[in-house]
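K.L.:
Curious how this folds, go ahead:
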Amino acid sequence: MNPSLRRLLLGGLAAVLGVTVLTPPASASPEPSVPTGPAAEATRAAGTAKRTGQRVEVVSARTEFTQVFAKPSGGFVAESSVVPQRVHRPDGSWAEVDLTLRRDAGNGLRPSVSPADVRFSAGGTGPAAALRNNGKSFNLSWPSALPAPRLSGDTATYPDVLPGVDLVLRATHTGFTHVLAVKTPQAAENPALREIRFDLGGDVRVERNNDGSLRALAGATEVARSGPAEMWDSTAAPSTVLSSAAGPGAAARTAAVGTVIDAAGDLVLRPAAALLDPGKAAFPVYIDPAWSVGRSRWAYATSNNSTNSDLTAARVGKDSATGVTYRSYFEFPITALRGTQVASGYVQMKLDHSWSCANTPTYLYQAAGSVTATPRTPWETQPALTARASASSHANEAGGCADGPQPDMTVNFTGGSVVAGLRTAVASGSSTVTYAFCACSDASGTGEGTLDRWKKFHPDGARLVVDYDTPSGLPTGLQTGGQACVPGERVVVATAPTLSAVYPDSDAGQALQTAYELLEIPASGTYDSGTPRLTPPTAGAVSAGARYTTGSVTGLSGEKAYAWRTRSSSSYLTGPWSQWCEFVMDGQAPTVTVDAINGPLQPGEFYTFKLRSPDPSVLTFRYGWTSPPTEEAEAGTTLGYAGKTASVTLTTPEQGTHTLYVAAVDSAGNVGIGSVVVQVSPPAAG
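P.N.:
Residues are numbered from 1 along each chain as shown. A predicted model of the protein is given here:
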């Protein structure tokens, strides 16, 4: 959001206001600078939100993963995801992700709106799938010409690329998957399935890692990556989700697929023979590696370190079909929160499926570090976990419940511990925060093997929702009775003064509420939090960056010294107190005299008059032949005289008796009036 706008609810203002109205406050006088760029856009969003009662997005803060909204009540809310939700187009516009395949101008197939630049074949020769990333290309081809595909949403199915075997390409948020669907036991007997070859091309070379994962590199730049390949069958159990090209069902048998990069730089898949055995596997059987253009922001861990090819779901708990226990990890970006204070926040998940027909708990932990090993992170090296919250949910979609299939359920993980962890992460300057989801009620795994806690969540439905703001800045430009406050000095005022300050805030245009403290300075000259406070002037509202002036502070005594300070708040945060501004009441007007004039004056001549006042607080003298005098001279000092003086030169008027009017103005604004009669003689005879 840039520097942005943020104000958070940490408490009410009653504690800092609680005042008695003395006189009506003066209206705020605006002195804001005109914001430009992102700050201006955020200011407009805040104003529109307040005016309409609807939250308004700060578009300049939008990313693929995060949106920021100004709220009608003040402050802002950031919503972050772990799966890209939108795409920034070359023309500067944004569009929501839509992976539905459509034909492009070159007769290829592309997702309507995708974070990944991916293109599928419409049939024939050439690459089956092509990815572009950082200006480099990665192509994957089937060894023979492809038939025209059947399209369904994000999926293109090329039928019978081998007898009884379909090639299924599916667009994902970060790339694509290519799955061979072996439809029948007869198809599984084809020797061509014992070693499956894909031609690789483009600007890359592909390297195999020790765990079977793959990296497509252009020089040192990673263009795409693939996790270890896996295969699964269609073994099913009553009331369980079935296997598909998108991933294994709840009861499916799975096995690792061997991967080799041959001398020509092409990919060779070697499926596990057991899952192609007609006597052991349930068909269709699916063989899959998935390609991505970047590191995922979520990962899973399995108790036996097995790989799961179905990344459409994040699993938690013990899978009743396989006995494997899952935990899932989500890394949310929080860059937009830097320099802010978190008021509240929660993690929102969308439950896809649960073993249980009734509510069972899932536990949220804050995990140390970030998600690095994806899509699977080793069970033995999981990060340290700090307990944060739990939430109960159910959404059995397999039809085994009386009210089944049950719909998806939104689940919110809330609480003070979640907020405290967020505040710590933001205060440390971290750009991300990671959460672990577990069926365990503590980090040691208690209850994790309970079958009714087995659940699957939608990764693309994961959200981190944070209300946040920046506190107001230190008030500046303090004035008492219109006179600037100077540290270490006391302003002198003649009458009940107004108090005034400028209230800065990085959220330009934000509505702020002022507050004041007022005290009588003890004879010792020192004061602290224990010094009794007087009733302050009535506070008022002011726009961020503008000046606010109170009404006059009444009830003060002359010849006493006072001090005041101020701060501002929004609906959420209270800013720091300003420095103290000290002042004294002085209602005594200074005296003023004019030195004696020797003899009559000649008309039309320049004559210098010496003005004096014994009051050292006098700042200026006023003088002139009419009342009130309007000419002004700065008061100075003269050696040997304790007060203030000024020498002023005037042209004498025409002959006759005249009055020179003078005045002395002290630092409190008190005006002392004086005069002297001047005799002007007739002009000298010519």
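K.L.:
what's around the closest residue to Tyr516 other than its chain neighbours, how many residues?
P.N.:
Counting by C-beta to C-beta, 6 or more residues apart in numbering, Tyr516 lies nearest to Pro536, which is 3.8 Å off, once chain neighbours are set aside. C-beta coordinates here come from the backbone N, C-alpha and C atoms, glycine included. Residues lying near Pro536 (other C-beta atoms under 10 Å) number 24.
K.L.:
Test my guess that Pro536 contacts Gly551.
P.N.:
No - using C-beta atoms under 8 Å, Pro536 is not in contact with Gly551, being 11.1 Å away.
K.L.:
max-length helix in this structure?
P.N.:
helix 37-52 (DSSP state H).
K.L.:
Only the buried residues of that one, if you could.
P.N.:
Within helix 37-52, the residues that count as buried by 16 or more other C-beta atoms under 10 Å are 38-39, 41-47, 49-50.
K.L.:
And for stretch 409-418?
P.N.:
409, 411, 413-415, 418.
K.L.:
Mind checking which of these are in helices?
P.N.:
Val418.
K.L.:
Name the nearest of the buried residues of stretch 409-418 relative to His353.
P.N.:
Nearest to His353 among the buried residues of stretch 409-418: Met409, at 10.0 Å, using C-beta to C-beta.
K.L.:
Who are the contact partners of that closest one?
P.N.:
For Met409, the contact set (C-beta atoms under 8 Å, 6 or more residues apart in numbering) comprises 350-351, 393-395.
K.L.:
Okay, and the beta partners of it?
P.N.:
Leu351 (DSSP bridges).
K.L.:
And the contacts of Met409, which two are furthest apart?
P.N.:
Going by C-beta to C-beta, the pair spanning the contacts of Met409 furthest: Lys350 and His394, at 13.2 Å.
K.L.:
With pLDDT and distance to His658 as extra columns, can I get the buried residues of stretch 409-418 in a markdown table?
P.N.:
Converted to a markdown table, these look like this (pLDDT from 0 to 100; distance: C-beta to C-beta, whole Å):
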| residue | pLDDT | distance to His658 |
| --- | --- | --- |
| Met409 | 96 | 95 |
| Val411 | 96 | 92 |
| Phe413 | 96 | 88 |
| Thr414 | 96 | 84 |
| Gly415 | 94 | 85 |
| Val418 | 95 | 83 |
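K.L.:
Any chance of the buried residues of stretch 409-418 in JSON lines with distance to Thr340 as columns?
P.N.:
Below are the buried residues of stretch 409-418 laid out as JSON lines (distance: C-beta to C-beta, whole Å):
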{"residue": "Met409", "distance to Thr340": "31"}
{"residue": "Val411", "distance to Thr340": "26"}
{"residue": "Phe413", "distance to Thr340": "21"}
{"residue": "Thr414", "distance to Thr340": "20"}
{"residue": "Gly415", "distance to Thr340": "20"}
{"residue": "Val418", "distance to Thr340": "16"}
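K.L.:
Show me which parts of whichever strand or helix holds Leu200 are buried, residue by residue.
P.N.:
Counting by DSSP states H and E, the element that carries Leu200 is strand 196-202. For strand 196-202, a neighbour-count test (16+ other C-beta under 10 Å) marks 196-198, 200, 202 as buried.
K.L.:
low-confidence ranges in the stretch 251-400 of the chain?
P.N.:
Residues of the stretch 251-400 of the chain that meet the criterion pLDDT under 70 lie in 295, 309.
K.L.:
Try it again at 50.
P.N.:
Within the stretch 251-400 of the chain, not a single segment meets pLDDT under 50.
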